[in-house]
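Enquirer: Quick check, what structure comes out for this input:
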Amino acid sequence: MIAAPVFYESSEVPSLLRIDLSSRSLSKTTADNPVPSPSQQTLSLCHNISLQGKTVTIPHFSFHTGTRSYRDQKEQLGDDGVLIVEGIHGLNEAVSSSVPRREKMKIYISALTPLSFDDYNRIPTTDMRLLRRMVRDSLFRSHDAITTIQNWHKVRAGEEKYIFPFSEEADILFNTTLIYELAVFKKYAYPLLERIQPDTAEYTVASKLKSMLSIVEPIDDEPIPNNSIIREFIGHSVFGDLL
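Expert: Residues are numbered from 1 along each chain as shown. Predicted structure coming up:
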């Protein structure tokens with residue numbers, strides 16, 4: 001399995017991946033940026049491991065330090081092996097164009113919240129996703145809640161331009177929402193939101209999220225299995241460094 005973040009150059013790159021996804025073409029390496037873009041590295045790696053059968057070295061990206069490193073992790077795909085390329089830009093054909101389309105299955109994984117406050121007011125999917133990101137950023141990416149909220153509009157803008165236009169290219173749609181996750185996130189997210197002061201621009205969003213969390217009682221997350229999607233956000237996932 002190859003996770004797209006391993007090709008990031010810094011903590012500011014993930015929103016763009018240095019790919020012009022809006023025009024469905026790869027960005028070009030320029031004179032002032034001689035390092036190959038992550039998309040080019042993805043193309044090369046996919047080609048070498050899946051089409052050439054070569055042994056490749058898999059890089060690792062640290063969200064804590066914002067740097068990429070190598071841990072001497074070498075992988076080779078067997079004759080009957082399956083290569084999984086994970087990442088929010090994976091639906092873009094340009095990222096894996098060296099592999100014929102007929103040999104790929106594209107899966108769009110998203111969180112589509114089915115819960116409502118009452119008969120007339122639903123819980124917005126975007127708010128649940130923001131809570132997911134906030135908890136994960138705090139635990140694993142050295143970001144506080146106010147930083148997550150400040151960056152949220154950039155995330156949403158990037159989705160509209162670089163992700164959603166490719167969603168219809170997916171062969172399978174998988175909804176990862178869990179009916180109990182709001183209650184799980186409460187003990188993690190509420191203290192983070194409490195630290196945001198009334199005199200900040202982010203306080204309005206924080207108040208909205210706190211109101212949403214106030215309708216549920218927190219639940220113990222210990223019984224949650226280690227292969228659950230929610231473990232990506234609260235930790236102790238069986239997938240470990242792949243997340």
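Enquirer: which strand is the longest one in this structure?
Expert: In the chain, with assignment by DSSP state E, the single longest strand is strand 67-75.
Enquirer: Whatever helix or strand comes next after it pairs with which strands, parallel or anti?
Expert: Next helix or strand after strand 67-75 toward the C-terminus (DSSP states H and E): strand 85-86. Using DSSP bridges, strand 85-86 pairs in its sheet with strand 2-3 (parallel).
Enquirer: For the longest strand of the chain, buried residues please.
Expert: Residues of strand 67-75 classed as buried under the neighbour-count rule (16 or more other CB atoms under 10 Å) are Arg68. Placement of C-beta: from N, CA and C, glycine included.
Enquirer: what packs against it?
Expert: strand 56-62 (3 or more CB pairs under 8 Å, 6 or more residues apart in numbering; DSSP states H and E).
Enquirer: Run the chain-centre distance for the strand it packs on.
Expert: Between the centre of strand 56-62 and the centre of its chain there are 17 Å (CA atoms, centre = their mean, to the nearest Å).
Enquirer: same check, this time on stretch 91-108
Expert: Put simply, stretch 91-108 sits 18 Å off its chain's centre (CA atoms, centre = their mean).
Enquirer: What average pLDDT does that stretch get?
Expert: Over the span of stretch 91-108, the pLDDT mean works out to 87.
Enquirer: and what of stretch 124-144?
Expert: Regarding stretch 124-144, the rounded mean pLDDT is 95.
Enquirer: just stretch 192-206 next, same as before
Expert: Per-residue pLDDT over stretch 192-206 has a mean of 98.
Enquirer: list the buried ones in it?
Expert: By neighbour count, with 16+ other CB under 10 Å as the criterion, the buried positions of stretch 192-206 are Leu192, Leu193, Ile196, Glu202, Val205, Ala206.
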